[in-house]
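Asks: below are the sequence and a predicted model; questions follow.
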Amino acid sequence: MSQIRRDWVSKTSAGAILGFSLAIALAGLFAWLSPGGLATPNKFQLVMWLVAPIWLTTLSLCFLFSSGMRAWLWLGGVNLLAYAGLIACRLLLR
Amino acid sequence: MRSDVVRLYKVVHTWTGITAGMFLFIAFYAGSITVFAEPLARWVSSPAPVRLTALDRSDDLIAHTLAARPDAAKEFTLYLGETEDLWARLTWRKGKDDKAPWSAELSSEGDLRLVQSYRSSLADFVDNIHRTAGIPGANDIGETIMGVVSAVYAVALVSGLIIVLPSLVKDLFALRIGPNLKRMWLDAHNVVGVVSLPFHIVIALSAVVFCLHEPLYDALDYVVYDGRLKSVMAASNPFNSVKKDERPAPMLPVNTLLERVKAASPSFVPTEMRYRNAGHRGASVQIWGYDTRYMTRGKGFAVISPVTGEIANTDYLPGKEGTWTGLVAIFFALHFATFGGDVVRVCYFLLGIAGAFLFYSGNLLWIESRRRTERRNGGPVIQKTSTRLMSAATVGVCLGAICAISLTIVAAKWLDGRVANIDVWHNGVYYAVFLASVLWSFLRGAAAASVELLWLAAIAAAAIPFTSLIGWASPALGMQGSASMAALGVDLVALFGALCFVWMARSAAHRVEYGPADSVWAASHRQLQEATR
């Protein structure tokens, strides 16, 4: 088992930046895909509440990646998937 | 858990903890007090010399006020309670930040009395300290900083959990009281942290949302809603549920409106009615109140038309919310302790104090693991600058905030009605005591200052019940306290707090004289003797 690298700057920035963009995208997917769709009255508050737990869980756990490079690659990849889903929602669900 | 992962997360925990710790100490201590904002507001209020207009004359009061002051029709509030922190039956203000609202009362002969007076609330001041940790400047600056601090705090929680996980079962209920003081503090830090972890997770995440919701909404609007969030918000706004219509129309009596709400939700207890556009066909009334059977966002409300008597919106009426507002109400309730009544409030008060202890003990552990120790043969030591400064800052900031809040409370009672602008005094007393304590701690060193500031904390807390006592003993001072159980509770808690501070001051003094001389907590003359031996 290889030693885990510290990579403070790259891991923290990956968690803070990509974790945030991921949280926004996942909250957005929830807004689109939960009953009623995007424009349902009163849903936007819950959507906003979802951002904090997703973002901070990602930021807290991203030090588990074996290196900063891997953190950026994995989180970047998941971000791409999430944003692809978001664009698909926008195109397919009006 | 691999040991290298644990080592890595120890570093994360150390640096997130030490960055956020002192901000969080102040926020938690002031937050515990804010749980009991209403008793505090009643404690500081004098029983009103003239009682409020009787509730059953409210319709007369509204009609007389609107006839005399048509400008009040746009928005005014009728208070339904009888407690001493209510200063008028009916009030209106010009805009949200108007600090000098008007109030209206009816004399027993039926004459209208209109008064404009400066209002400021001690409970709101303590709440501001809670929300900004006392960071000066506009509130939104302090709140934004606290939003970031809360995010750091969330990371500290997860990293702390990862560190204790491997030895959780073995260490959790082991509180090793004994000669190894660092071990004992660590055990105490761990057990408090693990036991109150769910509370801390809820508080950290909700605090991030409360402080940073505006940038979060902006980001969502830009990325997800494509600039349409404003219109979604407007469509959700309960205050838009009554259509604008400026034709004049008579309004139903107050009691009829209250009966309609009671029919809709029998367990809801109304406390105030906020009228908008009174006298128009498009008038609305928000009936605010509480309902201990549900988890609520502080107070809930129903919107009702005072013209037709129809309930227009129940999105924020406890138990009648829709799915979405109902779910969000749970998050609010979990932060504000607005569920389950007094039992939950007492638990939140204790959890908040325990949280403050968590951050204080965290700083102590940081200091303990960095201080130079006398090695068996290495002889005496002089402490590193970093541990000296951090111990002085911890003592000054934490104990300074405690002293400053107590003395602000005491000063508010003494100055009530004697000064023109009590806000300036709240701020003046708080920051003077806080900054003086920090300065004192750096000048005197952590060891001496910890004892002295603990004695000051004891005196300041004891001054709260003594103020009540003096107020009752000499009525000439004109500051009789409230005779309610709520206000008496404030006195008793403050007295108990004072006794706790006395105990802490005595044990800190003992440690200064008789504890290990190579500690940052030993008297400086003993550290010096050691060093020159």
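Replies: Looks like it arrived, so ask away.

Asks: quick one: residues contacting residue 42.
Replies: Picking chain A for this. B:S236, B:D315, B:G322, B:W324, B:T325 (C-beta atoms under 8 Å, 6 or more residues apart in numbering or on different chains). Just so you know, the C-beta spots here come from the backbone N, C-alpha and C atoms, and that holds for glycine as well.

Asks: let me rephrase: I mean chain B.
Replies: B:T83, B:E84, B:D85, B:S482, B:S484, B:A486, B:A487, B:V490.

Asks: neighbours of residue 89, just the number please.
Replies: Using chain A. When neighbours are defined as other C-beta atoms under 10 Å in any protein chain shown, A:C89 has 18 of them.

Asks: my question was about chain B, not that one.
Replies: Counted with other C-beta under 10 Å, B:R89 comes out at 25.

Asks: phi first, then psi, for it.
Replies: The phi and psi torsions at B:R89 (degrees, to the nearest 10) take the values phi -80, psi -40.

Asks: which helix or strand contains B:C398?
Replies: Secondary structure assignment for B:C398, by DSSP states H and E: helix B:385-415.

Asks: what sits closest to whichever residue of the stretch 51-200 of chain B sits closest to chain A if chain neighbours are left out?
Replies: At 3.5 Å from chain A, B:V158 is the closest residue in the stretch 51-200 of chain B, using C-beta to the nearest C-beta. Excluding its sequence neighbours, the residue lying closest to B:V158 (C-beta to C-beta, 6 or more residues apart in numbering or on different chains) is A:S60, at 3.5 Å.

Asks: and the residue lying closest to A:L18 once chain neighbours are set aside, what element?
Replies: What sits nearest to A:L18 in space, not counting adjacent residues and going by C-beta to C-beta, 6+ apart, is A:L75, at 3.9 Å. Secondary structure from DSSP H and E places A:L75 in helix A:68-92.

Asks: list the helices and strands that helix packs on?
Replies: Identification of packing neighbours for helix A:68-92 by 3 or more C-beta pairs under 8 Å, 6 or more residues apart in numbering or on different chains; DSSP states H and E yields helix A:8-13, helix A:19-33.

Asks: list the buried residues in that helix.
Replies: Under the neighbour-count criterion of 16 or more other C-beta atoms under 10 Å in any protein chain shown, helix A:68-92 has A:G68, A:R70, A:A71, A:W72, A:L75, A:V78, A:N79, A:A82, A:Y83, A:G85, A:L86, A:C89 buried.

Asks: between the residues you listed, which sits nearest B:A449?
Replies: A:G68 (41.8 Å; C-beta to C-beta).

Asks: distance check, that closest one against chain B.
Replies: 12 Å (C-beta to the nearest C-beta, to the nearest Å).

Asks: which residues touch that residue?
Replies: Counted by C-beta under 8 Å, 6+ apart, A:G68 has contacts A:R5, A:D7, A:V9, A:S10, A:K11, A:A14.

Asks: buried subset of the residues you listed as a ChimeraX selection?
Replies: The ChimeraX command for the buried members of the contacts of A:G68 (criterion: 16+ other C-beta under 10 Å) is given here:
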select /A:5,7,10,11,14
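
Asks: okay, the contacts of A:G68 in CSV with pLDDT next?
Replies: Shown next, in CSV, are the contacts of A:G68 (pLDDT from 0 to 100):
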residue, pLDDT
A:R5, 86
A:D7, 90
A:V9, 94
A:S10, 94
A:K11, 95
A:A14, 96
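
Asks: how about CSV for the contacts of A:G68, with distance to A:A27 added?
Replies: Listed next are these as CSV, based on distance: C-beta to C-beta, whole Å:
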residue, distance to A:A27
A:R5, 31
A:D7, 28
A:V9, 27
A:S10, 25
A:K11, 23
A:A14, 19
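
Asks: among the contacts of A:G68, which pair sits farthest apart?
Replies: A:R5 and A:A14 (12.6 Å).

Asks: and the helices in the stretch 101-250 of chain B?
Replies: Counting by DSSP state H, counting those that start in this stretch, one finds helices in the stretch 101-250 of chain B at the ranges B:122-132, B:139-164, B:168-171, B:181-195, B:197-223, B:229-236.

Asks: report whether the longest one contacts chain A.
Replies: Yes: applying C-beta under 8 Å from any C-beta of the partner chain, one finds helix B:197-223 in contact with chain A at B:A204, B:L205, B:S206, B:V208, B:V209, B:L212, B:H213, B:L216, B:Y217, B:A219, B:L220, B:V223.

Asks: cool, the last one as well?
Replies: Yes: using C-beta under 8 Å from any C-beta, a contact is recorded between helix B:229-236 and chain A, made by B:L229, B:V232, B:M233, B:A235, B:S236.

Asks: okay, now whichever residue of the stretch 301-450 of chain B sits closest to chain A: neighbour count?
Replies: Using C-beta to the nearest C-beta, B:W324 is the residue of the stretch 301-450 of chain B that sits closest to chain A, at 4.2 Å. Using other C-beta under 10 Å, B:W324 has 21 other residues around it.

Asks: on that earlier part again, what's the PyMOL line that selects buried ones from the residues of helix B:197-223 next to chain A?
Replies: To isolate in PyMOL the members of the residues of helix B:197-223 next to chain A that are buried, counting by 16+ other C-beta under 10 Å, one can use:
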select buried, chain B and resi 204+205+206+208+209+212+213+216+217+219+220
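
Asks: so can I have JSON lines of the residues of helix B:197-223 next to chain A showing distance to B:G497 and pLDDT?
Replies: As requested, the residues of helix B:197-223 next to chain A are arranged in JSON lines below (distance: C-beta to C-beta, whole Å; pLDDT from 0 to 100):
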{"residue": "B:A204", "distance to B:G497": "26", "pLDDT": "97"}
{"residue": "B:L205", "distance to B:G497": "29", "pLDDT": "97"}
{"residue": "B:S206", "distance to B:G497": "26", "pLDDT": "96"}
{"residue": "B:V208", "distance to B:G497": "30", "pLDDT": "97"}
{"residue": "B:V209", "distance to B:G497": "31", "pLDDT": "96"}
{"residue": "B:L212", "distance to B:G497": "32", "pLDDT": "96"}
{"residue": "B:H213", "distance to B:G497": "33", "pLDDT": "95"}
{"residue": "B:L216", "distance to B:G497": "37", "pLDDT": "96"}
{"residue": "B:Y217", "distance to B:G497": "39", "pLDDT": "96"}
{"residue": "B:A219", "distance to B:G497": "42", "pLDDT": "97"}
{"residue": "B:L220", "distance to B:G497": "43", "pLDDT": "96"}
{"residue": "B:V223", "distance to B:G497": "47", "pLDDT": "95"}
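
Asks: quick one, strands of chain B?
Replies: Here chain B has its strands, by DSSP state E, at B:75-79, B:90-92, B:102-106, B:112-116, B:269-276, B:284-290, B:300-304, B:311-313.

Asks: okay, the ones you listed, which one's buried deepest?
Replies: Stretch with highest mean neighbour count among these: strand B:300-304 (a mean of 26; mean count of other C-beta atoms under 10 Å in any protein chain shown).

Asks: spell out which parts of the stretch 101-250 of chain B neighbour chain A.
Replies: B:151, B:154-155, B:157-159, B:204-206, B:208-209, B:212-213, B:216-217, B:219-220, B:223-226, B:228-229, B:232-233, B:235-236.
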